[in-house]
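1. Quick one, structure for this:
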Amino acid sequence: MSERSSELLALYEALIAQVKSEYLSDNSMTVKELYKTVTTSKQFLVLKEQAKENELALVEQFLKRDIANYLQEKNAHDLGHSPTVIAVENTLWHWLSEITDRSQVEWHEVAQDFKHQGVYQSGEIVGQGILVCTGCNHEMKIEFPGVIPDCPQCDSEEFIREALTP
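-> Residues are numbered from 1 along each chain as shown. The predicted model follows:
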């Protein structure tokens, strides 16, 4: 490797080290933000002075690629061990194993209706469907499993769920 190539490589390695340092101090930065920060740094200005136009264009292209790869690997590694991500993945797989298609959802909900004898109370957890308030007949459409709130119209705590439609 020529002396010039070694000098340019050393400057490029300093830029990559700066990317890592900047990201470690603020890990919410995007590729564009990191690129902008690095390209206004002293190391980049020195590189800009020493490199020819075609060399600089190549360095900028490599820098964008390497920043994107660094963030992708860093985030993949960090998120892979996150307790939140692991919990979400486990919950998702649990739901998918229990309810694999619409008919399974309906059977699950029918079983819940039998268990509740058709009547649900606020504070209970319910899956999808339409809950009708027994006090004022107000309908609440439930899209995702969640806790039943009091009726927004009359503050009643008792509901009947309408049958799911195919």
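2. Burial check on the closest residue to V126 other than its chain neighbours, number of neighbours?
-> Nearest non-adjacent residue to V126, counting by C-beta to C-beta, 6 or more residues apart in numbering: I148, 5.4 Å away. C-beta: built from backbone N, CA, C; applies to glycine. For I148, the number of neighbouring residues by other C-beta atoms under 10 Å comes to 19.
3. go on, S21?
-> Neighbours around S21, by other C-beta under 10 Å: 10.
4. Report pLDDT for it.
-> Note for S21: predicted pLDDT of 84.
5. So what's the gap between the helix or strand hosting it and the chain middle?
-> Using DSSP states H and E, S21 falls within helix 3-25. Distance of helix 3-25 from the chain centroid (C-alpha atoms, centre = their mean, to the nearest Å) equals 30 Å.
6. Report the buried residues of that helix.
-> L8, L11, Y12, A14, L15, I16, Q18, V19, E22, Y23 (16 or more other C-beta atoms under 10 Å).
7. Can you redo the residues you listed as a markdown table, where the extra columns are distance to E55?
-> Formatted as a markdown table, the buried residues of helix 3-25 follow (distance: C-beta to C-beta, whole Å):
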| residue | distance to E55 |
| --- | --- |
| L8 | 7 |
| L11 | 11 |
| Y12 | 10 |
| A14 | 16 |
| L15 | 13 |
| I16 | 16 |
| Q18 | 19 |
| V19 | 19 |
| E22 | 23 |
| Y23 | 25 |
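8. just the strands in this structure please.
-> 119-121, 125-126, 129-133, 139-142, 146-147, 158-161 (DSSP state E).
9. So which of those is nearest L56?
-> Relative to L56, the nearest member of the strands of the chain by C-beta to C-beta is strand 146-147, separated by 54.9 Å.
10. Can you name every helix or strand that the closest one contacts?
-> strand 125-126 (3 or more C-beta pairs under 8 Å, 6 or more residues apart in numbering; DSSP states H and E).
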